[in-house]
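> Quick one, fold the following:
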Amino acid sequence: MNELEDRLIRCFDLVFHGLNPNQIRGASVQTLPAWDSLASATLVAVLEQEFNVQIDPLDLPELTSFLSAQAYISDKLNDAAGAN
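Have a look, this model is predicted:
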């Protein structure tokens, strides 16, 4: 695992309690009944705080799985690093 993945797993664990890291890596709106609109909003808030990024509300449809969140946050962090 890398640092980004470790931090993401911790974020997902805060929102979706009781999942092991492998379950979190496979998590999506299709696989987790608990992933509803409230969980999505909570996850976005946790991700914004953890990674110090702003998630555009128009991007929310992209954040439907652990893997999509990982790619999204990675892109955000790379964009921020490129701006410095």
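> Is it correct that Glu5 is in contact with Ala71?
No: judged on Cβ atoms under 8 Å, Glu5 makes no contact with Ala71 at a distance of 11.5 Å. The C-beta positions use only the backbone N, C-alpha and C, and glycine is treated the same way.
> Show me the helices in this structure, by range?
Assigned helices in the chain, in chain order: 3-15, 21-25, 37-51, 66-83 (criterion: DSSP state H).
> Same list (these) but as a markdown table, adding distance to Pro57.
Formatted as a markdown table, those follow (distance: least, Cβ to Cβ, whole Å):
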| stretch | distance to Pro57 |
| --- | --- |
| helix 3-15 | 18 |
| helix 21-25 | 24 |
| helix 37-51 | 9 |
| helix 66-83 | 13 |
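> Comparing these, which comes out most buried?
Comparing the helices of the chain by mean neighbour count (mean count of other Cβ atoms under 10 Å), helix 3-15 ranks first with a mean of 17.
> That one vs helix 66-83, what angle?
For helix 3-15 against helix 66-83, the angle by axes from the mean of the first three to the mean of the last three Cα atoms, to 10 degrees is 130 degrees.
> Pull out the CA atoms of helix 3-15 and give them to me as PDB.
Taking C-alpha atoms only, helix 3-15 is exported to PDB below (Å, rounded to 0.1, in the frame of the first residue of the first chain):
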ATOM      1  CA  GLU A   3       0.400   6.600   1.700                       C
ATOM      2  CA  LEU A   4      -2.500   7.800  -0.500                       C
ATOM      3  CA  GLU A   5      -4.200   4.400  -0.300                       C
ATOM      4  CA  ASP A   6      -3.600   4.200   3.500                       C
ATOM      5  CA  ARG A   7      -5.200   7.600   4.100                       C
ATOM      6  CA  LEU A   8      -8.100   6.800   1.800                       C
ATOM      7  CA  ILE A   9      -8.800   3.500   3.600                       C
ATOM      8  CA  ARG A  10      -8.800   5.500   6.900                       C
ATOM      9  CA  CYS A  11     -11.300   8.000   5.400                       C
ATOM     10  CA  PHE A  12     -13.600   5.200   4.100                       C
ATOM     11  CA  ASP A  13     -13.400   3.400   7.500                       C
ATOM     12  CA  LEU A  14     -14.600   6.600   9.200                       C
ATOM     13  CA  VAL A  15     -17.700   6.600   7.000                       C
END
